[in-house]
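Asker: quick one, what's the 3D model for this:
(2 chains)
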Amino acid sequence: MTPRRQRMLAVGLALGGIAIAAVLTLRALDDNMMFFIDVSDVVAGEYPADRNFRVGGLVVDGSVEREPGSLELRFRVTDLRCELPVRYTGVLPDLFREGQGVVAHGRMAGEGEFVADTILAKHDENYMAPEVAESLAEHVTEQTAGLRQGSGECNPQ
Amino acid sequence: MWKFVHKLASPPHFYHIAANLISWFAMPGLLLIGYGTYAGLFVAPPDYQQGDAFRIIYVHVPAAYLSMMAYMAMAISAGIGLIWRIKLAHAVAAAVAPLGAWFTFLALATGSIWGRPMWGTWWEWGDPRLTSELVLLFLYFGYMALRNAIDSTSKADRASAVLALVGAVNVPIIHFSVEWWSSLHQGPTLVRQGGPAMDTAMLYPLLAMILGFTFIFGALLLRRVRAEVLYRERRKRWVRDLILSGKGKR
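Answerer: From the prediction side, this is the model:
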């Protein structure tokens, strides 16, 4: 074996070892790598009870209720299976709207309500002109019909 | 083919070839960025949700793409230098690092500026995409620091090459972070099944910017490698001849 081949082998083995180590580490950390928890998991009770966490989902169409004269609002988030009521007081990001993805940070209060201290809007990967979006709106309305009715099978556990 | 590669890997030859190549990278790069800037600001329609704020994409995406491409270039050059003991490859790796760090910084800064109005936050700790990109910045910093900490060039080359190769594992993590885990960052728009999820009037300036940034990166890199080669070979005869002949000015 020439020295060059030896070095090639050493570099190859080292890279392979690091890749395997990284995969194992990331797999072990899988839950901690998640930026937010799905609505279904929260409804099923799979969330840390002793600390704040983030829950991510879509704002259910027609579910946003504002308290007149204050910044308090209530809405429901869904992952298209389960729904979770959220209460929040404060300023909302520009992209917050019904049907839009949001990530709420806070904790579960009693009665299965999530009390958020921060609301972040999650953008999707679609970019288009307003006119195109309008012509697509009908199609989208059909697609998100489930969001308005808050339907879908919710079977926690 | 191999003869040409060997010739190119010789520092004096590279030094002269690179001088001619720089403008071949810089000119198309500037043209593409000029077109991309104009079309991105004035031709592309506003986004249906983000309005005009989406236009930061024309800097953010090329910068983020190059931050990862530069790292791959650095790691591959470092690997070639390590295995084949080619000095020029080490010089390339050393020259890439600051450029890559700047593109990473640019990607982080533009993302943060966009994130404040759109997401509602400058920065979110624990988000896999944001965190892994920040780790990339620290890998570049670590690489440069390690290189500067070792006086002997050949030892610095080898030690930093190992670091560059080890850190390469982070690049696929950045790329796939939004698919493997839940993240605030949206999924890929350009490289996805069913083609780019973007209007063509928005897409073409973006592709021009990505290509333009890449060309400019190439031009800057060639310039930096030339300087690096000149410094490393400062005691060699060809450098002395170059300076004495007065042609070193170009």
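Asker: when you work out contacts or count neighbours from here on, use the C-alpha atoms and nothing else.
Answerer: Will do.
Asker: does residue B:212 touch residue B:31 like I think?
Answerer: Yes - in this structure, residue B:212 is within contact of residue B:31 by C-alpha atoms under 8 Å, at 7.5 Å.
Asker: which one's more surrounded, the two?
Answerer: residue B:212 (25 against 14; other C-alpha atoms under 10 Å in any protein chain shown).
Asker: where's the more buried one, which helix or strand?
Answerer: helix B:200-232 (DSSP states H and E).
Asker: next, count neighbours for the residue nearest to residue B:230 when sequence neighbours are not counted.
Answerer: The shortest distance from residue B:230 to any non-neighbouring residue, by C-alpha to C-alpha, 6 or more residues apart in numbering or on different chains, is to residue B:239 (7.0 Å). Per other C-alpha under 10 Å, the neighbour tally for residue B:239 reads 19.
Asker: residue B:239 belongs to a helix?
Answerer: Yes - under DSSP: H, G, I helix; E, B strand; the rest coil, residue B:239 falls within a helix.
Asker: just to check, residue A:100 is in contact with residue A:58?
Answerer: Yes - Residue A:100 lies in contact with residue A:58 (C-alpha under 8 Å); the separation is 5.3 Å.
Asker: tell me the contacts of residue B:101?
Answerer: B:67, B:137, B:140-141 (C-alpha atoms under 8 Å, 6 or more residues apart in numbering or on different chains).
Asker: with respect to residue A:30, which of the residues you listed is nearest?
Answerer: For those, the closest approach to residue A:30 (C-alpha to C-alpha) belongs to residue B:137, at 23.0 Å.
Asker: output stretch A:29-45 as PDB, restricted to C-alpha atoms.
Answerer: The C-alpha coordinates for stretch A:29-45 follow below in PDB (Å, rounded to 0.1, in the frame of the first residue of the first chain):
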ATOM      1  CA  LEU A  29     -31.300  14.100  20.200                       C
ATOM      2  CA  ASP A  30     -34.200  13.800  17.800                       C
ATOM      3  CA  ASP A  31     -36.800  15.200  20.100                       C
ATOM      4  CA  ASN A  32     -34.600  18.100  21.200                       C
ATOM      5  CA  MET A  33     -33.900  19.000  17.600                       C
ATOM      6  CA  MET A  34     -37.600  19.600  17.000                       C
ATOM      7  CA  PHE A  35     -38.300  23.300  17.100                       C
ATOM      8  CA  PHE A  36     -42.000  22.700  17.900                       C
ATOM      9  CA  ILE A  37     -44.300  19.900  18.900                       C
ATOM     10  CA  ASP A  38     -47.300  18.900  16.700                       C
ATOM     11  CA  VAL A  39     -50.800  19.800  17.800                       C
ATOM     12  CA  SER A  40     -51.800  16.100  17.900                       C
ATOM     13  CA  ASP A  41     -49.000  15.200  20.300                       C
ATOM     14  CA  VAL A  42     -50.000  18.100  22.600                       C
ATOM     15  CA  VAL A  43     -53.600  17.000  22.600                       C
ATOM     16  CA  ALA A  44     -52.500  13.500  23.300                       C
ATOM     17  CA  GLY A  45     -50.600  14.900  26.400                       C
END
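Asker: local confidence estimate at residue A:155?
Answerer: What the model reports as pLDDT for residue A:155 is 66.
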